[in-house]
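> Show me the folded form of this:
(one chain, ligands or ions: 1)
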Amino acid sequence: MHALQSAGIRPVLLWFVLAGTACRAISDTAAGASPMKCEPFGTAPSGESVELITLTNAHGVELRAMTYGAIIVSLKVPDRTGATGDVVLGYDSLAGYVSSSPYFGAVVGRYGNRIANGRFTLDGKSYTLAVNNGPNALHGGLKGFDKVVWSADTAHTARGSKVTFRYESKDGEEGYPGTLATSVSYTLTDANEVEIAYVATTDKTTPLNLTQHSYFNLAGRGDILGHVLTLAADRYTPVDTTLIPSGTLAPVAGTPFDFTAPHAIGERINADHQQIRFGGGYDHNFVLTRPDTGLALAAVLKERSSGRTLEVRTTEPGVQFYSGNFLDGTLTGKGRQVYQRRSGLCLETQHFPNSPNQASFPSTILRPGETYRSRTVWKFWAE
Ligand code: BGC
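Take a look at the predicted model:
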């Protein structure tokens, strides 16, 4: 790219040359913009070709995301010495994601998290979803948003380079009502932030709960038990044995769920506490203590050996903290790393699980004429 640029080819033309027709650059700027790249990344089971988009910023942060599942394939951020390392779990190629992935890096939808017994009633009509997690529906069904091919557009914006993925989910897809036009964009800023923005509209009333399911490991290896976590949540939603919330918002104070002050994740993960037993560790929705409906702090995650720190802010009311309890050494990911139990953790900003069946929870219902908007920002630095 640099060789071509120095040969006098303008970036906008260069983009076209590199991208061909598969990825569309919707705008571009000339000098000063961080490079973006779009390249083929294989063929999905549907026969559709999959593209991989690379965004970079001025500090060497690099985000790669693909059109299959709008999956973040890698995210390289500096440690305290300036050395970049990949902080998300996943695979080197598309094949791994297609054959067996516990939602590594994916956008999950139409309903992220669980719906009890795969059933809900909306405006007097009952809907039945595929049950794919014990007795419950999880993460959008058998072929959720993590397993479909999205279209991609790229742009240089005032905030940074950006990729926008779009997917139209058909009326009745996976049992959900209404044709849903969905977009999710990832913007990589020069402040070392990844801003995730979701927009959706529907032509029939539907539940909707989108989230990003990246598994973080800020050391890039080993387990996450030594990572130190703070959550801006003084309550959480206790669950039954199938991880469906009872409906109460319980105080975290005096329990292993109190992350209002920083705690190593491993410190209380094996505590003799019913909710820890039900989750096999942490697999719970935390109720964010937020001043208003704007972007508010959800979590801070620190890893001592690298100094890497991740701060999560969101417009969502909750965050599912999942400590990778179901990883069990059977998946071999990037760089031949075997993903053992708790080798990554998810901080899934979202509405609460099973909200369509819990009138007291914030509503996840989107009606025709309304626009769903949700934003989450991950900011990285090293200490
Ligand atoms: C859920 C876990 C589940 C994981 C992968 C998380 O969002 O809370 O229970 O195992 O996703 O499917």
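
> Wait, Cys346 touches Asn217, no?
No: Cys346 is not in contact with Asn217 according to C-beta atoms under 8 Å; the separation is 10.9 Å. Heads up, the C-betas are built off the backbone N, CA and C, glycines and all.

> which one of the two has more residues nearby?
Neighbours per residue, other C-beta atoms under 10 Å: of Cys346 and Asn217, the larger number sits with Asn217, 25 against 22.

> What pLDDT is listed against the more buried one?
Listed pLDDT for Asn217 reads 98.

> can you check Thr293 too?
pLDDT, read off for Thr293, is 85.

> what about it, neighbour count?
With other C-beta under 10 Å as criterion, Thr293 counts 9.

> Also the one 3 residues further on?
Neighbour count of Ala296, defined by other C-beta under 10 Å: 16.

> partner residues bridging it?
Thr314 (DSSP bridges).

> what sits against it?
Applying C-beta atoms under 8 Å, 6 or more residues apart in numbering, we find Ala296 in contact with Ala232, Leu288, Arg290, Arg313, Thr314, Thr315.

> swap in Ile365?
Leu122, Thr205, Thr206, Pro207, Leu208, Pro356.

> just so I have it, where are all the strands in the stretch 101-250 of the chain?
Listed in chain order, the strands of the stretch 101-250 of the chain (DSSP state E, counting those that start in this stretch) span 107-108, 114-115, 119-122, 125-128, 137-138, 151-156, 160-169, 180-189, 193-202, 206-207, 211-212, 228-231, 233-236, 250-251.

> Same list (the contacts of Ile365) but as JSON lines, adding neighbour count.
As requested, the contacts of Ile365 are arranged in JSON lines below (neighbours: other C-beta atoms under 10 Å):
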{"residue": "Leu122", "neighbour count": "17"}
{"residue": "Thr205", "neighbour count": "16"}
{"residue": "Thr206", "neighbour count": "25"}
{"residue": "Pro207", "neighbour count": "22"}
{"residue": "Leu208", "neighbour count": "26"}
{"residue": "Pro356", "neighbour count": "22"}
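
> Tell me the one among those residues nearest to Gly178.
Comparing the contacts of Ile365 against Gly178 with C-beta to C-beta places Thr206 closest, at 4.3 Å.

> which residues does the closest one bridge with?
Leu366.

> Roughly how far does it sit from the ligand?
20 Å (C-beta to the nearest ligand atom, to the nearest Å).

> ok, that residue touching Pro368?
No: the pair Thr206 / Pro368 is not scored as a contact, 9.4 Å apart, by C-beta under 8 Å.
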